[in-house]
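K.L.:
below: sequence and its predicted model.
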Amino acid sequence: SAMTMAAVVGVRARLPGGLSPLLLSLFLFLSPVSSYIVEVPASSDECFLEDITRGQKVIGSYSVSQGGKLDIDMKVFDTQGKIMYENMGGSDDSFAFVANQDGKYKVCFSNSMSTLTSKMVSFNIYVGTSLVDHEIAKKEHLDPLENSVLLLGESLQFVVNEQQYLITRERLSRQTNASTNSRVFWWSMLETLALFGVGAFQIFHLRQFLERKGGKGGGMRRL
């Protein structure tokens, strides 16, 4: 993120002011998004650490796609371990904040309410360009057009997050359908083999019964 911001400052110094909104929007739109799919076992927690610089805008979203009632506890901690955001027992949500200091921020998912069922969680986090300590981002230097472009860039990033969420859900649904189809196929094969086995056993048993009965009847006629 620091390298990206330095590049923006350098390009800003060399370009006319009229091009800065487009450049800023492109950098906001192309900023990296970290995506995760994690299985949270029963009665346990899973946490993610993100190294964030003071003033950076952080946008995140998550969704529980599999497991129990699709509920999970989610918390965001700052560098001092204080809770910045929490949602207890939710199945999906999004959050946003501006980092107030440099350091590692932590996002945790807790499945402590479940004793047997694990939860599958898809999680996206986007760390935007720093909005402090740089001349291009101070409010007194932003005209209405630049401000609008910055807001548009963040809105586009929300759209990207939602698209990634939908892609993740679609992939998980496809995997679930494939697994279900496979189980149905093998269960049908097992039922078919069982029917053939039962039919063969009945035919064999009936033939043995008729042979024994026919042998006894023939012996009586010979006497």
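P.N.:
Right, received. Where do you want to start? Quantities reported herein were computed from a predicted structural model and do not represent experimental measurements.
K.L.:
flag the shaky bits of the protein, pLDDT-wise.
P.N.:
Low-confidence segments of the chain (pLDDT under 70): 1-33, 129-147, 150-151, 154, 157, 161, 215-223.
K.L.:
where do the strands sit along it?
P.N.:
Using DSSP state E, the strands found in the chain span residues 33-40, 45-52, 56-66, 72-77, 83-90, 92-98, 103-110, 119-130.
K.L.:
distance to residue 158 for the ones you listed - can I get that in JSON lines?
P.N.:
Backbone N, C-alpha and C define where each C-beta goes, glycine included. Below are the strands of the chain laid out as JSON lines (distance: least, CB to CB, whole Å):
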{"stretch": "strand 33-40", "distance to residue 158": "11"}
{"stretch": "strand 45-52", "distance to residue 158": "18"}
{"stretch": "strand 56-66", "distance to residue 158": "7"}
{"stretch": "strand 72-77", "distance to residue 158": "17"}
{"stretch": "strand 83-90", "distance to residue 158": "16"}
{"stretch": "strand 92-98", "distance to residue 158": "8"}
{"stretch": "strand 103-110", "distance to residue 158": "18"}
{"stretch": "strand 119-130", "distance to residue 158": "9"}
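K.L.:
for the nearest residue to residue 50 once chain neighbours are set aside, what are its contacts?
P.N.:
Nearest non-adjacent residue to residue 50, counting by CB to CB, 6 or more residues apart in numbering: residue 105, 5.2 Å away. Residues near residue 105 by CB atoms under 8 Å, 6 or more residues apart in numbering: 49, 50, 52, 58, 76, 77, 78, 79, 84, 99.
K.L.:
quick one: residue 179 and residue 210, what's the gap?
P.N.:
47 Å (CB to CB, to the nearest Å).
K.L.:
sorry, slip of the keys, the one I care about is residue 117.
P.N.:
Where residue 210 is concerned, residue 117 sits at a distance of 55 Å (CB to CB).
K.L.:
for residue 60, which non-adjacent residue is closest in space?
P.N.:
In space, residue 60 is closest to residue 125, 4.3 Å off (CB to CB, 6+ apart).
K.L.:
doesn't residue 34 make contact with that neighbour?
P.N.:
Yes: between residue 125 and residue 34 there is a contact at 5.0 Å, judged by CB atoms under 8 Å.
K.L.:
quickly list what's touching both of those two.
P.N.:
With CB under 8 Å, 6+ apart, residue 125 and residue 34 have common neighbours residue 50.
K.L.:
find the centremost residue of the chain, please.
P.N.:
By CA atoms, centre = their mean, the chain has its centre lying nearest to residue 122, at 1.3 Å.
K.L.:
so that residue makes contact with residue 169?
P.N.:
Yes: if you go by CB under 8 Å, residue 122 and residue 169 touch, sitting 7.1 Å apart.
K.L.:
need the longest helix for this protein.
P.N.:
helix 144-222 (DSSP state H).
K.L.:
now do residue 91 against residue 70, distance only.
P.N.:
Remark: distance between residue 91 and residue 70 (CB to CB) = 4 Å.
K.L.:
shared neighbours, these two?
P.N.:
Residues within reach of residue 91 and of residue 70 at once, by CB under 8 Å, 6+ apart, are residue 64.
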